[in-house]
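Asker: need a structure here:
(3 chains)
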Amino acid sequence: MLVSTSNDPFENKTSLDGTCGVCGSHNCLIHNFYDVLFNSKEARNNPILKCQKGQQFIIEGAPVNGLYFIKSGTVKVIRTGINGREQIVRFAKACEIVGHRGFGTQEYYSIGAIALQDTELYYFAKEKLQNYLLENPKFAYSMMLFYANELNRSENKVKSISQMTVRERVIDSLLYINRKFGDLRGFLNLPLSRREYADYAGTTEEQVIRVFSILKKEGLISAKGKKIGITDVQLLKNEISEHNYFLDT
DNA sequence: CCATTAAATTCAA
DNA sequence: TTGAATTTAATGG
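Answerer: Down below sits the predicted model:
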């Protein structure tokens, strides 16, 4: 992992409607609390970590010293399962936090994180962030909302893995990627291998490949290699509506 | 799960 | 930019 001495100017782009210019969200923590996070001299001199595609920057079981904000790029957060297979917990993109679960009292990371593309990270040491939280109630409150959302999401994921069929879980994964990364010229804007879909959906690569070909025959999706296109989002949503599709992260 | 073939991606000239 | 080498997808046992 490369550590650059940041000649990279820290910008704080804001769109006309007040949302974050990088991620487009109005709850973006980096954007909304930019002054809190980057006002001190040390914070501004804090290097940006650059890691390239495929690099792991959080190792499961390593001691927790802080957490990361993604400046650019995308990341998968994984946990190693019983048989050594990796379970993808979530995907994260620019402006999101990674490594927050170990933040409070936990000593070791329970997850690993791997860059899916070249990725730039802001790193915040535990103590520093603790001070920000203690000094700034609004920041603390926003962080709390973020944690609450994450908890909700992970509880829903437990349900989806334990109660949905393979087909439903694959569809759910496709909708999740679509919701989170959108599409570009008709294809999901994040290229993932079938293996990665499987690791997220809690199934095997073969099952994903088979569900994909069935969905393709049914005209619900199109696929060109890693580029997957959703023909009709509503039709896919209908399939899993009885299992409550309502996550918005 | 594994083996085979087809397809896609990467890489270096 | 091409095509050979490597990786990934798809299918059937």
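Asker: Which residue comes closest to A:A140 once chain neighbours are left out?
Answerer: Distances taken as CB to CB, 6 or more residues apart in numbering place A:L133 nearest to A:A140, at 4.6 Å, with adjacent residues excluded. Any C-beta I mention is one placed from the backbone N, CA and C, and that applies to glycine too.
Asker: hang on, that neighbour in a helix?
Answerer: Yes - looking at A:L133 with DSSP: H, G, I helix; E, B strand; the rest coil, it is inside a helix.
Asker: Look up how far DNA strand B lies from it.
Answerer: 40 Å (CB to the nearest atom of the strand, to the nearest Å).
Asker: Okay, that residue and A:N46: tell me how far apart.
Answerer: From A:L133 across to A:N46, the span is 17 Å (CB to CB, to the nearest Å).
Asker: Lowest average confidence across helices and strands of chain A, where is it?
Answerer: For chain A, counting by mean pLDDT, DSSP states H and E, strand A:2-4 ranks last in confidence among helices and strands (a mean of 49).
Asker: contacting residues around the closest residue to A:G186 other than its chain neighbours?
Answerer: Spatial nearest neighbour of A:G186, excluding adjacent residues (CB to CB, 6+ apart): A:G229 at 4.7 Å. Neighbour list for A:G229: A:183, A:186-188, A:221-223 [criterion: CB atoms under 8 Å, 6 or more residues apart in numbering].
Asker: pLDDT at the spatially most central residue of chain A, what is it?
Answerer: The residue lying closest to the centre of chain A (CA atoms, centre = their mean) is A:A92, at 1.7 Å. On pLDDT, A:A92 comes in at 95.
Asker: Fine by me, we can end here.
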